[in-house]
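In: following is a predicted model, sequence given first.
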Amino acid sequence: PRHEMLPAVAASVAALPADRPRYLMGVGDPVSLVEAVALGVDMFDCVLPTRLARHGTALTSTGRLAVRAARYARDDGPLDPACGCPVCARWSRGYLRHLLVVGEPTAGRLLTRHNLAWLIGLVRSIRKAIVAGTLDELRAAIGATWEPGMVR
């Protein structure tokens with residue numbers, strides 16, 4: 001769990017050379033990413049964006065979006081109006097939900113593409129916050145949005 005992982009990451013980062021990249025494997029949720037960056041981690045990889053996509057979940061600026069939910073059946077809006085990825089620009093929640101419901105493999109691929117683009121955007125935001133000296137504010141905003149179990 002995060003409350004055990006972060007102290008272990010802090011201890012590990014403290015023992016690593018400051019002039020070398022620091023890699024953390026298997027962490028992909030937004031809160032853990034920003035917290036690990038705040039501790040000095042530089043690189044990540046994780047199956048989370050792909051796994052979530054396979055099961056019909058999109059990462060968005062307001063939290064996880066369960067695309068299979070019936071309320072999205074006729075929703076013409078993008079997965080995330082704040083996202084500029086090609087998936088959000090072209091396909092609606094309703095259409096993506098339809099693809100999931102009928103078992104079309106393209107659904108998982110499109111959701112994966114969106115989730116990866118969303119995470120890359122998050123990392124860009126983290127970089128900008130570091131440069132601007134506003135990382136603590138970004139950490140607070142991400143924490144407020146992404147508390148565990150938050151699914152719409």
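Out: Perfect, I can see it now.
In: L138 reaches V123, doesn't it?
Out: No: between L138 and V123 there is no contact under C-beta atoms under 8 Å: 11.3 Å. The way it works is simple: take the backbone N, C-alpha and C, and place the C-beta from them, glycine included.
In: who has more neighbours, these two?
Out: L138 (19 against 14; other C-beta atoms under 10 Å).
In: contacts only, for the spatially most central residue of the chain.
Out: Centroid-nearest residue in the chain, with C-alpha atoms, centre = their mean: L119, separated by 4.5 Å. Counting by C-beta atoms under 8 Å, 6 or more residues apart in numbering, L119 makes contact with 28, 30, 33, 49, 59.
In: in helices only, show me those.
Out: Within the contacts of L119, residues falling in helices by DSSP state H are 30, 33, 49.
In: ok, the second one to T134 distance?
Out: Right, L33. Relative to T134, L33 is positioned 16 Å away (C-beta to C-beta, to the nearest Å).
In: just to revisit the earlier point, closest one to G143 out of the contacts of L119, please.
Out: Of all these, G143 sits closest to P30, with 8.9 Å by C-beta to C-beta.
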